[in-house]
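Chemist: Sequence and predicted model, in that order:
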Amino acid sequence: MTNNMSTNALLLLCGPITTISNRIPSIFGAIKLKFPPPNQLYIRYQPAISSVSVPFTSNYLRLVNAIYSSANRNLPDIDVNLLVDNVTNHTVEAPTIQPIRDELSLIIGTNIRDYNIKEVSLNVSRSFRQTNNLTWYNLNENDNLVQLTGTGETDSTYQNQELLATDLNEGGLTCLEDSFGGVVLGGTFDRLHNGHKLLLTESSLRARRRLVCGVTSQKYIAGKKSKTLPELIESETARIRGVSGFLRKIKPGIELSVVPIDDPFGPSTVDPDLQAIVVSEETQRGGEAVNRERASKLLNVLEIHCISMLADSDGESASKASSSAIRKGLLGRLLKPPLFKRDSNDGNESKPYVVGLTGGMGSGKSSVAKRLVGLGAWSIDCDSLGHSVYTEGSPVYRLIIEEFGSDIVNEDKSINRRVLGRIVFNDKEKLNILNSLVWPHIAELVSMEIDAAGRAGAKVCVLDAAVLLEAGWDSLTNEVWVVVVPKEEMVMRIRERDTDLSLVELERRLANQMSNLERVDHGNVVLSTLWSYEETQQQVEKAWSLLMGRITN
């Protein structure tokens, strides 16, 4: 039977906690096989149907790790959220469950029977809205899914309290974990993934009253050279919103403060109301540095709780690998809808689909253009077209000489672009004057070349242009593709290619061009030539294949 899982689903885990923890991989596997992926999968653990409250124990922490580790492997494309609002971390009294109010269309449970549905539905309704076509499934002990109907009589052999008693005998209450009034943690939290969720969830469990989370600011990230593809890191606002949204879903009643930080410490070294800091294995030294700073300011030293991060299938740290891997996975994909500024039909079926390809000096942009030609694109080298405006007879030739003097003219009457470059790259105003003279004329030449490519039968035309965005030539395109490499890589490549160019002159030229971040902000697709030839080729082929799909559809 085929089932359509809509936006949100709830997985209600009932039973002995160690048994449930061990079953998590097979439970997720059964859900993955049975249902299309939901937008969000909420999970709540409770010892039994009639026992909602859960003590904060070492066994519960093992369940948290099992859930996010298994989600990392088995449900990588699903937004998994373990709700911890029913966990008590300072008393065995039942906490107050706060409403989320998202709408559910599917509930999957363990150890739920038909006759339990009314009771479970009542508990669930305190947190969620339920659709009229809400469907229920039970995962039996063999992890087979059985649809429930809500009918049936009480099974006297099934006792919720027996499950609870079994759970307590497993040591759940003998290993109560430490909790604190105020807890702090920090990180970049780019494109929130399961490694982040594990860190945030345990931090929220440690915090009885208040949780402070520092999110690295855009300014701080810009000063760090260790980040892979920093241009693709989400905005500061988006990352703060992601962390806040997640924490308010899983533990709505907590006093939460999510703030941007411009240094390694943020509020952790100045807030006197903190008692503990949660770190990962790779940031444990940072926690120790926080305590040294606090001690120097005569503040209390924080209890450090170190969390072992999730491991990917290849054994790498999920927190470290996933953020960069997610960004690398975006290379070649459409990040923004196509511009469609230039109508590919426009009454003329021969007009090609135009991709503007841009990047900074030494980015490898032209090598990407060559690869695209190899896949079937028609390439227009805007830099080569630009050379023609510096030759005698061009419409702007005389204007350039009048503006910059006869010293820039070669013996063959052509303009010496190297000499002209030394003039304009040392004077921003003169550079703007030159650009105002040549860019409009080059745009006319590019437009003519596009039309010629269409008449020749080209389906896709690539404009290879370093100043595509600065010159406004993106108005001639359907999409903008941006090629990026770190500045250090740019400098190394350019100095190897142009040994006569001094480092001072090179830095001046780089300062006069758009930053990678500015280009990416205008781009539809991003590529990088930082890695091996093969990796770059895979990116380009992926981008081309996806482009063909967009054009065809």
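Modeler: Perfect, I can see it now.
Chemist: where does residue 260 fall, phi/psi-wise?
Modeler: With angles defined as degrees, to the nearest 10, residue 260 sits at phi -70, psi 150.
Chemist: Tell me who's in contact with the closest residue to it other than its chain neighbours.
Modeler: Excluding the flanking residues, the one nearest residue 260 by CB to CB, 6 or more residues apart in numbering is residue 217, at 4.2 Å. C-beta: built from backbone N, CA, C; applies to glycine. For residue 217, the contact set (CB atoms under 8 Å, 6 or more residues apart in numbering) comprises 236, 260-262.
Chemist: From residue 268, how far out is residue 217?
Modeler: Applying CB to CB, to the nearest Å, the value for residue 217 to residue 268 is 15 Å.
Chemist: who's sitting farthest from the centroid in the chain?
Modeler: In the chain, the residue that sits farthest from the middle, by CA atoms, centre = their mean, is residue 411; the gap is 54.9 Å.
Chemist: quick one: low-confidence ranges for the stretch 1-150 of the chain?
Modeler: Residues of the stretch 1-150 of the chain meeting the criterion pLDDT under 70: 1-6, 90-98, 101.
Chemist: mind running it again at 50?
Modeler: For the stretch 1-150 of the chain, the stretches flagged by pLDDT under 50 are 1-5, 92.
Chemist: mind listing the strands for it?
Modeler: Per DSSP state E, counting those that start in this stretch, the stretch 1-150 of the chain carries strands over the ranges 8-14, 40-46, 54-55, 79-83, 87-88, 103-110, 129-139, 145-148.
Chemist: Check which helices and strands the fourth one sits against.
Modeler: Read it as strand 79-83. If you count contacts as 3 or more CB pairs under 8 Å, 6 or more residues apart in numbering; DSSP states H and E, strand 79-83 packs onto strand 40-46, helix 58-74, helix 194-206, helix 236-250.
Chemist: so how far is the second one off the chain centroid?
Modeler: Taking the mean C-alpha point of helix 58-74 and that of its whole chain, the gap between them comes to 22 Å (CA atoms, centre = their mean, to the nearest Å).
Chemist: May I see the buried residues of that helix?
Modeler: The neighbour-count check on helix 58-74 (16 or more other CB atoms under 10 Å) flags 59-61, 63-74 as buried.
Chemist: Going by distance to residue 41, which of those wins?
Modeler: Closest approach to residue 41 among those (CB to CB): residue 71, at 8.1 Å.
Chemist: Run through who's touching stretch 435-453.
Modeler: Outside stretch 435-453, the residues touching it (CB under 8 Å, 6+ apart) are 351-352, 354, 378, 380, 382, 385-386, 388-389, 394-396, 399-400, 403, 461, 463, 465, 467, 470-473, 476.
Chemist: Rounded mean pLDDT for that stretch, please.
Modeler: Mean per-residue pLDDT for stretch 435-453: 95.
Chemist: Please spell out which residues along that stretch are buried.
Modeler: 437-439, 441-443, 445-446, 449-450, 453.
Chemist: Likewise for stretch 540-553?
Modeler: By neighbour count with 16+ other CB under 10 Å, stretch 540-553 contains the buried residues 540, 542-544, 547.
Chemist: what residues does it touch?
Modeler: Residues from elsewhere that reach stretch 540-553 (CB under 8 Å, 6+ apart): 331-334, 338, 353, 355, 368, 371-372, 375-377, 459-460, 479, 481, 525, 527.
Chemist: Filter those residues down to the buried ones, ChimeraX style.
Modeler: Typed into ChimeraX, the line below selects the buried ones among the contacts of stretch 540-553, using 16+ other CB under 10 Å:
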select :331,332,334,338,353,355,368,371,372,377,460,479,481,525,527
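Chemist: Among the contacts of stretch 540-553, name the ones in helices.
Modeler: Judged by DSSP state H, the contacts of stretch 540-553 include 368, 371-372, 375 as members of helices.
Chemist: Closest to residue 504 out of those residues?
Modeler: Among the ones in helices among the contacts of stretch 540-553, residue 368 lies closest to residue 504 (CB to CB), at 29.0 Å.
Chemist: pLDDT on stretch 525-544, on average?
Modeler: Here stretch 525-544 scores 98 as its mean pLDDT.
Chemist: should've said stretch 509-521
Modeler: Average pLDDT, stretch 509-521: 92.
Chemist: ditto for stretch 249-257
Modeler: In this model, stretch 249-257 has an average pLDDT of 93.
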